[in-house]
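A.B. asks: Predicted model and sequence follow; I will ask about them next.
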Amino acid sequence: MRILLTGGAGFLGSNLCDLLIREGHAVVCMDNLLTGKKDNIEHLLDNDSFGFIEHDVTEFIDVKGEIDYVLHFASPASPVDYLKYPIKTLKVGSLGTHNALGVAKKQKCKFLIASTSEVYGDPLVNPQPETYWGNVNPIGPRGVYDEAKRFAEAITLAYHRSHGIDTKIVRIFNTYGPRMRDHDGRAIPNFIDQAIKGEPVTVYGDGLQTRSFCYVSDLIEGIYKLMQSSLNEPVNIGNPNEMTLLDLAKKIIQLTYSKSNIEYKPLPVNDPKVRRPDITKAKKELNWNPEIALDDGLKKTIEWFK
């Protein structure tokens, strides 16, 4: 296939570029480099099956030639980014998704959007199944990301129902691995960066809020399986093994042989208390299950950061 991948120079997008090229597809990578980095795709630029277009998807998208699949991954995705770029985040979730769907409609091709576990907000149900509607504050600081993705899901399924486009929605839970940025703002890159530098490892609140972490290769494999499926409704992809952020901080300090202490800071507004995917649907429909243990994934990620 010839695949248009928006946000292809980002953490997840660039890892997905690698998998698609390995599987024999041609990739048109589109990114405005707001949060993505050209370094992430530098090794692909000489590949005849890969092309890069620097473009903001909130503007009209024009790609020459036939496209068989559109993967829409463009969006700021960390709290640091979407709090810094609130309007750009809302625009890429709304205008960007609309433009990407326009390509799929024109080309009569398949479409997959990268949604997020943030559509569940601060959940009152744990673990979170795809049937849960969420508990989101639409006007809180985090709402710019949550609501951008909730709108993106809504317009994606509207295009499926109204125009017959074969659409997919992946709800991505916390993911980590090589190509994350040290100033990303999410727990694992923050903790690793601080621990390597011997700085205090900052934990927000009492650190007893829980998360579950999926290694990037597992996540990308799940997305690839979803691409090839007949599913149109959202599917959770993530690792259901849950732990507190305090325990994660202690584990990273141990794995980096760091002398860092833990420093507690106030909890951000609307920070979720729990976050854990129910992956029953992915197991049953995609025959997908994460395989990389947390310690193994963290060791690989720590080596990359070093």
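C.D. replies: All right, it came through fine.
A.B. asks: quick one: Asp62 and Val103, what's the gap?
C.D. replies: 9 Å (Cβ to Cβ, to the nearest Å). All C-beta atoms are positioned from the backbone trio N, CA, C, and that covers glycine.
A.B. asks: Repeat that for Arg276.
C.D. replies: Using Cβ to Cβ, Arg276 is found at 34 Å from Val103.
A.B. asks: so is the residue nearest to Pro86 when sequence neighbours are not counted in a helix, a strand, or just coil?
C.D. replies: With Cβ to Cβ, 6 or more residues apart in numbering as the criterion, Pro86 has its nearest non-adjacent residue at 4.2 Å, and that residue is Val144. Three-state call for Val144 (DSSP: H, G, I helix; E, B strand; the rest coil): helix.
A.B. asks: My guess is Val144 contacts Asp81. True?
C.D. replies: No. Checked against Cβ atoms under 8 Å, the pair Val144 and Asp81 is beyond contact range at 10.4 Å.
A.B. asks: so which helix or strand takes in Val70?
C.D. replies: Element membership for Val70 (DSSP states H and E) is strand 69-72.
A.B. asks: Need the overlap of contacts for Val144 and Asp81.
C.D. replies: Any residue near both Val144 and Asp81 by Cβ atoms under 8 Å, 6 or more residues apart in numbering counts here, and that gives Thr89.
A.B. asks: hang on, Asp31 packs against Thr6?
C.D. replies: Yes. Under the criterion of Cβ under 8 Å, Asp31 makes contact with Thr6 at 7.2 Å.
A.B. asks: how is this structure carved up into domains?
C.D. replies: 2-175+213-237, 177-211+241-271+292-305 (automatic domain parsing).
A.B. asks: gap between His163 and Cys109?
C.D. replies: 12 Å.
A.B. asks: if we can go back for a sec, mind checking which of Arg276 and Val103 has more residues around it?
C.D. replies: Arg276 (24 against 21; other Cβ atoms under 10 Å).
A.B. asks: Need the phi and psi values for Ile53.
C.D. replies: phi -120, psi 120 (degrees, to the nearest 10).
A.B. asks: Leaving out sequence neighbours, find the closest residue to it.
C.D. replies: Closest to Ile53 by Cβ to Cβ, 6+ apart is Met30, at 4.8 Å.
A.B. asks: pretty sure the one you found contacts Gly13?
C.D. replies: No. Between Met30 and Gly13 there is no contact under Cβ under 8 Å: 9.3 Å.
A.B. asks: Thr6 pairs with what?
C.D. replies: Met30, His72 (DSSP bridges).
A.B. asks: pLDDT at it, what is it?
C.D. replies: You'll see Thr6 listed with a pLDDT of 98.
A.B. asks: Over to Val269?
C.D. replies: Model confidence at Val269, given as pLDDT, is 84.
A.B. asks: Assign a three-state SS to it, would you?
C.D. replies: Going by three-state DSSP: Val269 is coil.
A.B. asks: That one: how many residues sit nearby?
C.D. replies: Neighbourhood size, Val269 [other Cβ under 10 Å]: 10.
A.B. asks: starting at the chain centroid, how far to the helix or strand encompassing Leu226?
C.D. replies: Element membership of Leu226 [criterion: DSSP H and E] is helix 216-227. Distance of helix 216-227 from the chain centroid (Cα atoms, centre = their mean, to the nearest Å) equals 11 Å.
A.B. asks: who's in contact with stretch 48-66?
C.D. replies: Residues outside stretch 48-66 that contact it (Cβ under 8 Å, 6+ apart) are 2, 4, 6, 8-9, 17, 21, 24-34, 38, 41, 44-45, 72, 74, 88, 91-92, 95-96, 99-100, 102-103, 107.
A.B. asks: Try it again at 7 Å.
C.D. replies: Applying Cβ atoms under 7 Å, 6 or more residues apart in numbering, the contact partners of stretch 48-66 are 2, 4, 6, 21, 26-33, 41, 44-45, 74, 91-92, 95-96, 99-100, 102-103, 107.
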